[in-house]
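Peer 1: Need the 3D shape of this:
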Amino acid sequence: MSAKYTCNVSFDLDGGELEPEVNSYTFDRSDVESFEDNSYWQSTTVESSGGELSFVVTADDQYDAERKVEEVVYDGMEVTDGNDYTWVVRNLSVEVEEVEVEMTLERAKEILSAVSECYDNYDGDREEAQEAVLFILGHVHDLEQRNANQAEEIRGLNERVENLAFQVRELQGQIDRLDQQIRLGATDPSTAQTFQRLNQPEQ
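Peer 2: Numbering: from 1, shown residues only. Predicted structure coming up:
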């Protein structure tokens, strides 16, 4: 299974030997006399260090990642700078490190699918496959725990609803009994007289 690799590359540049193309006609001799040019220029080696590159590639393994680095830069490669001068890459050093990718449910399912299709021929990282299995199991456990917590909350809500319904029935019974007492009092002469005396204004 493909993975991502961080590639850090360092190198030097070799510009070869350079000999100045300078002669007596290079200088302005119009206002001088007895001008002589006895210069003897020696060739010099042009080198420069400090090349550093960093990039990420997708590869099947570390060897494949290193091969992809060579598609970008390799020892002996000729590069031309902004001055149209050609250099040669030397002392190339390559460091390749696999990028640690956070395990997700989708990635775990992808890994497990690849393992289940051809486990005997599975050429991926066995530790990564184990991590995917544990991740799936942990995810399932979290879902089960969440469902259990929600079920407990639902049971608590049902109990509260039942208690409220019981209280409503009790209150309705009290209202019915009070209404019945009022109706019976209205037909009882003694109770009616009592209501009349209570309703008479004070003199």
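Peer 1: contacts, neighbours, all on C-alpha from now
Peer 2: Fine.
Peer 1: Centre of the chain to the helix or strand containing residue 138, how far?
Peer 2: For residue 138, the element it lies in under DSSP states H and E is helix 126-187. Put simply, helix 126-187 sits 38 Å off its chain's centre (CA atoms, centre = their mean, to the nearest Å).
Peer 1: packing partners for it?
Peer 2: Secondary-structure packing of helix 126-187 (3 or more CA pairs under 8 Å, 6 or more residues apart in numbering; DSSP states H and E): helix 105-117, helix 189-199.
Peer 1: now the shortest one: mean pLDDT?
Peer 2: Just to be clear, that refers to helix 189-199. What helix 189-199 shows for mean pLDDT is 55.
Peer 1: likewise stretch 128-138?
Peer 2: Stretch 128-138 comes out at a mean pLDDT of 73.
Peer 1: Low-confidence ranges, the protein, go.
Peer 2: 1, 23-25, 113-127, 130, 185-203 (pLDDT under 70).
Peer 1: Pop the domain breakdown of it in here.
Peer 2: What automatic domain parsing lists as the domains of the chain is 3-98, 103-198.
Peer 1: now those domains as a markdown table including mean neighbour count?
Peer 2: Putting the domains of the chain into a markdown table (neighbours: other CA atoms under 10 Å) gives the following:
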| stretch | mean neighbour count |
| --- | --- |
| domain 3-98 | 13 |
| domain 103-198 | 13 |
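Peer 1: center of this protein - which residue?
Peer 2: With distances taken as CA atoms, centre = their mean, residue 102 lies nearest the centre of the chain, 7.0 Å away.
Peer 1: part of a strand, is that one?
Peer 2: No. Going by DSSP: H, G, I helix; E, B strand; the rest coil, the assignment for residue 102 is coil, not a strand.
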